[in-house]
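Visitor: got a predicted structure here, sequence first:
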Amino acid sequence: MSLSLFVIEEYEPRLSDEALLIEEFKVLYSLAYNKGKGDTQGRERRRAIAECQYIYHFCDYRSEFSEYDDTERNIEALLAAGLDEKYKISEEMQACIDIFLRLQETRMLKTLETAEKTLDKLRDYYDGIDFNERDPKSGAAIHNPKNVMASIADLGNINKKLGDLRKQVKAELKETESLRGDHEGGFDGAL
């Protein structure tokens, strides 16, 4: 079951009260964890806010970066959260990421993730094709350009079906959340 762990406040994702019931997120918001540069007592919780924004942008299927591959999504999530591209994820932050991913997991979401990873692998495969590569025994071309182009043409259909699957997953997760209570999505409600 997916939980509403984030709310949107002033156009930025923030942890919901519900999230603070989870021990790992509570640790992220503790004063001790947040003490640091510019926030010597940790009361402003700058670190927690930035890290939670990262978690939302990197992990949540509703993030504008959800369709990016892991590497691109990581970079964009860091930038969106105002963190340096070389920001090191703490054990506490990783624990929150793991819990968040586990909580929003459904069978359909797992299927979507598998399909997206497979499409990424296909893209990498096609990027690496060398039409000059020859079979060492026969000397024949290993890759036939016509066959490769026909396969690439099929990727459009695969991507369309993947888009349909994405819509199904989002609808399923939204429905799961709406069954949980009176939270409403949008800029001022729980996501």
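Guide: Structure received. Numbering: from 1, shown residues only.
Visitor: list the helices and strands the biggest helix by length in the chain packs on?
Guide: Ranked by residue count and defined by DSSP state H, the top helix of the chain is helix 145-178. On a contact count with 3 or more Cβ pairs under 8 Å, 6 or more residues apart in numbering; DSSP states H and E, helix 145-178 meets helix 107-127. Glycine gets a C-beta too; all of them are placed from N, C-alpha and C.
Visitor: now do the helix it packs on against helix 145-178, angle only.
Guide: When axes from the mean of the first three to the mean of the last three Cα atoms, to 10 degrees is applied, the directions of helix 107-127 and helix 145-178 differ by 160 degrees.
Visitor: secondary structure class for the most far-flung residue of the chain relative to its centre?
Guide: When distances are taken from the C-alpha mean of the chain, residue 138 lies farthest, 45.4 Å away, according to Cα atoms, centre = their mean. Residue 138 falls in the coil class when you classify it by DSSP: H, G, I helix; E, B strand; the rest coil.
Visitor: where does this structure dip in pLDDT?
Guide: 1-3, 173-191 (pLDDT under 70).
Visitor: now stretch 12-25: buried residues?
Guide: For stretch 12-25, burial by neighbour count (16 or more other Cβ atoms under 10 Å) applies to 13, 14, 15, 16, 18, 19, 22, 24, 25.
Visitor: now do the contacts for the fourth one.
Guide: What that stands for is residue 16. 4, 5, 6, 7, 190 (Cβ atoms under 8 Å, 6 or more residues apart in numbering).
Visitor: what's the closest of those to residue 67?
Guide: When those are compared for distance to residue 67 (Cβ to Cβ), residue 6 wins out at 18.4 Å.
Visitor: partners of that closest one in the sheet?
Guide: residue 15 (DSSP bridges).
Visitor: go ahead and confirm residue 14 touches residue 55.
Guide: No - using Cβ atoms under 8 Å, residue 14 makes no contact with residue 55, being 11.1 Å away.
Visitor: quick one on the thing from earlier: what about the residue farthest from the centre of the chain, distance to residue 144?
Guide: Distance, residue 138 to residue 144, using Cβ to Cβ, to the nearest Å: 13 Å.
Visitor: one more: residue 153?
Guide: When distance is defined by Cβ to Cβ, residue 153 is 14 Å away from residue 144.
Visitor: ok, residue 66 next?
Guide: Distance from residue 66 to residue 144, by Cβ to Cβ: 36 Å.
Visitor: neighbour count winner among the two?
Guide: Higher neighbour count among residue 66 and residue 144: residue 66, with 17 against 11, using other Cβ atoms under 10 Å.
Visitor: quick one: secondary structure of that one?
Guide: Classified using three-state DSSP, residue 66 is coil.
Visitor: in contact with it, which residues?
Guide: 60, 73.
Visitor: how distant is the longest helix of the chain from the center of its chain?
Guide: With Cα atoms, centre = their mean, to the nearest Å as the basis, helix 145-178 stands 17 Å off its chain's centre.
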